[in-house]
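J.: Let's see this in three dimensions:
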Amino acid sequence: MAGNRILILGGGFGGLTAANALRRTLDAAHTITLIDRQREFMMGLRKLWILTGQADRESGTRSLELLRAKGVEVIFDEITAIDPKARAVETRGGRLEGDYLIVALGAELAPQAVQNFVGLGYNLYEIGDVERLAARLQTFRQGRLAIGIFGLPYKCPPAPYEAAFLLHDLFATRRVREAIEMTVFTPQPTALPVAGAVASALVEEQLKAKGIRFLPSRKAVRLDADRSQVIFESGEPLAFDLLAGVPAHRCPQIVKESGLTQGGDWVVVNPKTLRTGFERVFAVGDVTNIPLANKQSLPKAGVMAEAHAYVVAAIIAAEVKGQAAEKEFDGRGYCFLEVGGGEAAAVQGNFFAVPSPEVELTRPSATAYGEKRAFEAVRLRQWF
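T.: Okay, the predicted model is just below:
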């Protein structure tokens, strides 16, 4: 009997996990094809280490071509359209059809969503901007530094706070911290609503202890280039000399046009199986929206995309083998919140708990920081 062809769209956490898990489970009769326009992968958490001089880009970057040696077909091309009914995609190079389709295209960054952010602000989630900001910090010895969240939802919820903590340490090491006024702002009422009151309180406690001003419930609508100010929907403007931020995120347009979002902003999936409304079509990671009992959404994070992908790979492998597909996503996840000083807090819990996520938080420690460092190294070995 002819084998199945499984198309995986995207080479991030979800796509890499699914490709590896399926290749380990299915024999060579089944073709696993990963499509991405980018030729290299670098984990997002490394950007903050690059920003503060703790790591370089090269040592954390891997070529997706390495997947070929593991038996995964890799196509470097731009996807121009998705046909979920036919489980097919259009690329610049032509049309590809599969027996199964896994959409793992992530969330796109939209820095242009806030007027004048491009040109005035540095995008903390874009490696080129991160490297330019790192260079600018070499000569930044006094003034007002603002770090902001410019849209919701955004991936890796702790990241902007981690940036503030690590920059605090950097300035302290350079003995310029007292000459730099640091502010973090967010449109949310607390630092990390999805993680609960305890996690938010820890973040806000750490900000206060480090002399970093925290401004919640501040929705930025534009940047005033003449006055170097962030203009909020309500409240006083915030003046800055240097601005870094997390831009708005959006679902890729080709995904929205495919019908997978059912008219909404993100792909609609079964929370436990990650099945979409189309037969044998799944979606994992940041491209999805999974509502929680407390009206928040499942965090957009690499570890969640990884967990989704393991579930989908197990379901597909079971179906292909004619077995019962019992694997389900249980809503559990974790992350590390780096607070500086070589320490991190571990955040973990059941996000599907009712009436609200049950999240546990450890006090910052060197052990958790070491685990965060290992998180990257272990996965790069597993995937490549």
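J.: what does stretch 344-360 contact?
T.: With contacts defined as Cβ atoms under 8 Å, 6 or more residues apart in numbering, stretch 344-360 is touched by 158, 194-196, 198-199, 202, 271, 292-294, 296, 298-299, 330-339, 361-365, 368-369, 371-372. For every residue, glycine as well, the C-beta is placed using N, CA and C.
J.: can I get the CA coordinates of that stretch in CSV?
T.: Extracted as CSV, the C-alpha positions of stretch 344-360 are listed here (Å, rounded to 0.1, in the frame of the first residue of the first chain):
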residue,chain,number,x,y,z
ALA,A,344,15.2,32.5,36.8
ALA,A,345,11.8,31.5,38.2
ALA,A,346,10.0,28.5,36.9
VAL,A,347,6.3,28.9,35.9
GLN,A,348,4.3,25.8,35.4
GLY,A,349,0.7,24.6,35.6
ASN,A,350,-2.5,23.4,34.1
PHE,A,351,-4.0,26.1,31.9
PHE,A,352,-7.1,24.1,31.3
ALA,A,353,-8.1,24.1,35.0
VAL,A,354,-11.5,25.5,35.9
PRO,A,355,-12.4,28.1,36.9
SER,A,356,-9.0,29.5,36.1
PRO,A,357,-5.5,28.2,35.3
GLU,A,358,-3.7,26.6,38.2
VAL,A,359,-0.1,28.0,37.9
GLU,A,360,2.7,27.3,40.3
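J.: so how far is that stretch from its chain's centroid?
T.: How far stretch 344-360 lies from its chain's middle: 18 Å, per Cα atoms, centre = their mean, to the nearest Å.
J.: Rounded mean pLDDT for that stretch, please.
T.: Taken as a whole, stretch 344-360 carries a mean pLDDT of 93.
J.: Setting aside sequence neighbours, what's the nearest residue to P193?
T.: Closest residue to P193 apart from its sequence neighbours, by Cβ to Cβ, 6 or more residues apart in numbering: Q296 at 6.1 Å.
J.: That should have said G285, apologies.
T.: Setting aside the residues directly before and after it, G285 is nearest to A305 in space (Cβ to Cβ, 6+ apart), at 2.9 Å.
J.: would that neighbour count as being in a helix?
T.: Yes - membership of A305 in a helix is supported by DSSP: H, G, I helix; E, B strand; the rest coil.
J.: please begin residue numbering at 546 from this point
T.: Understood, numbering begins at 546; the last thing we discussed is A850.
J.: residues near it, how many?
T.: Neighbours of A850 under the rule other Cβ atoms under 10 Å: 27.
J.: From R924, how far out is it?
T.: A850 is 11 Å from R924, where distance means Cβ to Cβ, to the nearest Å.
J.: Filter the contacts of stretch 889-905 down to just the ones in helices.
T.: 743-744, 747, 913-914, 916-917 (DSSP state H).
J.: Distance to V865 for those - can I get that in JSON lines?
T.: Formatted as JSON lines, the ones in helices among the contacts of stretch 889-905 follow (distance: Cβ to Cβ, whole Å):
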{"residue": "V743", "distance to V865": "43"}
{"residue": "A744", "distance to V865": "40"}
{"residue": "L747", "distance to V865": "45"}
{"residue": "A913", "distance to V865": "39"}
{"residue": "Y914", "distance to V865": "41"}
{"residue": "E916", "distance to V865": "35"}
{"residue": "K917", "distance to V865": "36"}
